[in-house]
Structures are given as C-alpha cells and as structure tokens.
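> Next come a sequence and a model predicted from it.
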Amino acid sequence: MLPMADTQIRPRPPVAFASGGRGNFDIFLALFCGLLLLSNIGATKLIAVNLFGAFPLTFDGGAILFPLTYVIGDVLAEVYGLRRAKRAIVTGFGLSIVASLTFLAVAAAPPDPSWTNQEAFEAILGFVPRIVVASLVGYVVGQWLNAWVLVRIKRITAERNLWIRLIGSTIVGEAADTTLFCLIAWGGLIGAGTMVNYIVVGFVYKVAVETICLPVTYLVIGRVKRHEPDYAPVTA
C-alpha cells in the first residue's frame, strides 16, 4: 500500500485575476479595438520583400500592428481573466462589423462631381468587407484560443512561468488566426505557393514579434497587476 502522503491530491495554487471594474481595463480595451480596426484596413495591401535579393517574403500591411493585439490580449487574459478577455474580443468583433458596413455605405453613396477619388476609395476600402470577414473569423478563433490557453496554463502555474503561457498561447492562437485569415482573405486570388509563403511568414513573424516584445509584456503585466486595486486570488 502506498504511503498516505503519496495518495493525497495536492490542491491547485490560488489563481489571481482583477475584476476590471476599476483600474486600467478600459484603456487596454480601447487599444485592443483600435489596433484591430487599423490592422483590418492595413491588411488590404499585400507586401513582398526580397530577402537578400533572392527569397521573397509575402505578408500584408495588417501584420505591422496586428501582433500587438495579441500582446494586449495576453495582458487582458493574464490580468483580468477569460471573462473580461471575451468581452474585449466581442467588442472588437462588433466594431469591425460597424466599420465594414460604414465603408460599404460610403463607397455606395454617389460622389460629388468635384471629388475624383471614388475608384481609389473603392479599390482600397471597398475590399475591406472581405478582409473583415477573414479577420473576424481568424480573430475570434485565434484570440479565443489565445485567451483560453493562457488562462488554462495559469490555473496550473498560478503566477509562475509567465513566459510559458505567453508564448504557448500565442503559438496556438496565431497558428489558427493566420491560417484562417490568409485562406479566407486571399483564397483564389493568389497562387498556392504564395499562399503557403503568406501563412508561414505571417505566423513566424507574429510569434517572433511577441517573443521580442516579451520583456515589455512582462513589465506591462507586472505594472498593471500592481496598480489594479482588486487583483487577488479567485477560485480556480
């Protein structure tokens, strides 16, 4: 028979979250939604960069800012928990739909005869609805997985090993997000080889950005936790 000590179930460590009712939640919510909307517009342009003049790298303009939504998403999930992170995701979802419908309405409205940029407007923002659909599908799935994985790992590790949950959640979330976005936004418009390049480069780039930003993310999360008046352990 095993000793009694070996058969006992160890209790999980306490997990801390802030309610978001006070403190800085609104600031991160605004940043999260703003970066998402800007990324949707930037994603209407495909960019090609030749690495050392030989190997072309394909990505879209949204990649410039979009990785930062995952950094902020990590802050939301780590500090405020899955419920508040879901609220931010849903809010961004709603604003993206409003933005897409607004661009559609503006493009469809008859232009003033003195305004000669109708075709340019439609060429850029007229493509946004498809980008938004792709972004919303990838974003909802990716951000949900990112928040869910981070919180699940935190319930096991509590305040320890923050880097594991930051990088682990990003890898899962960005893999789903990037693949879904690229296929929906550009499927049928670019070749298979370009598509594979697009997905791989986007995924590696976004994960690399968050990895590089890890020290900053650590500082931000630590500071936010210290300044949230009700950041305290809750039942796991």
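Received, thanks. Not measured: the values here are computed from a predicted model.

> quick one, strands of the chain?
15-17, 46-51, 55-60, 232-234 (DSSP state E).

> I'd like those strands as CSV, with mean pLDDT and distance to Val98 appended.
(Glycine included, C-beta is placed from N, CA and C.) Output for the strands of the chain, formatted as CSV (pLDDT from 0 to 100; distance: least, Cβ to Cβ, whole Å):
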stretch, mean pLDDT, distance to Val98
strand 15-17, 74, 29
strand 46-51, 76, 25
strand 55-60, 72, 22
strand 232-234, 61, 33
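
> closest to Val220 out of those?
Smallest distance to Val220 across the strands of the chain (Cβ to Cβ): 16.2 Å, for strand 15-17.

> which helices and strands does that closest one pack with?
strand 232-234 (3 or more Cβ pairs under 8 Å, 6 or more residues apart in numbering; DSSP states H and E).

> Repeat the analysis, applying 10 Å as the threshold.
helix 81-108, helix 128-157, strand 232-234 (3 or more Cβ pairs under 10 Å, 6 or more residues apart in numbering; DSSP states H and E).

> Which stretch among those is buried most, on average?
Comparing those by mean neighbour count (mean count of other Cβ atoms under 10 Å), helix 128-157 comes out on top with a mean of 21.

> and the angle from it to strand 55-60?
Computed by axes from the mean of the first three to the mean of the last three Cα atoms, to 10 degrees, the angle separating helix 128-157 from strand 55-60 equals 100 degrees.

> Can you give the distance from helix 128-157 to the centre of its chain?
6 Å (Cα atoms, centre = their mean, to the nearest Å).

> how many degrees apart are that helix and helix 81-108 in direction?
Using the same axes, to 10 degrees: helix 128-157 against helix 81-108 is 170 degrees.

> Summarise which helices and strands helix 128-157 is packed against.
strand 15-17, helix 25-42, helix 66-75, helix 81-108, helix 162-186.

> For the last one, which residues meet the burial criterion?
Read that as helix 162-186. Buried residues in helix 162-186, defined by neighbour count with 16 or more other Cβ atoms under 10 Å: 162, 165-166, 168-186.

> that older thread, okay if I get the helices and strands packed on strand 15-17 as TSV plus distance to Thr194?
Listed next are those as TSV, based on distance: least, Cβ to Cβ, whole Å:
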stretch	distance to Thr194
helix 81-108	25
helix 128-157	16
strand 232-234	47
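
> closest one to Thr116 among those?
Among those, helix 81-108 comes nearest to Thr116, with 14.9 Å by Cβ to Cβ.

> Could you list every helix and strand in contact with that closest one?
strand 15-17, helix 25-42, helix 66-75, helix 118-125, helix 128-157.

> Worst mean pLDDT among the helices and strands packed on helix 128-157?
Mean pLDDT per stretch puts strand 15-17 lowest among these, at a mean of 74.

> In its sheet, which strands sit next to that one, and in what direction?
strand 232-234 (antiparallel) (DSSP bridges).

> circling back: so which of the helices and strands packed on strand 15-17 is nearest Val224?
Comparing the helices and strands packed on strand 15-17 by Cβ to Cβ, helix 81-108 comes nearest, at 12.2 Å.

> Figure out which of the helices and strands packed on helix 81-108 is closest to Val201.
Per Cβ to Cβ, nearest to Val201 of the helices and strands packed on helix 81-108: helix 66-75, 12.8 Å.

> Output the closest one in CSV, but only the C-alpha positions, please.
Taking Å, rounded to 0.1, in the frame of the first residue of the first chain, the C-alpha atoms of helix 66-75 are listed here in CSV:
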residue,chain,number,x,y,z
PHE,A,66,-1.8,43.1,-35.5
PRO,A,67,0.7,41.2,-33.4
LEU,A,68,0.2,43.9,-30.8
THR,A,69,-3.4,42.9,-30.4
TYR,A,70,-2.1,39.5,-29.1
VAL,A,71,0.2,41.3,-26.7
ILE,A,72,-2.7,43.3,-25.3
GLY,A,73,-4.9,40.2,-25.4
ASP,A,74,-2.3,38.5,-23.2
VAL,A,75,-2.5,41.3,-20.8
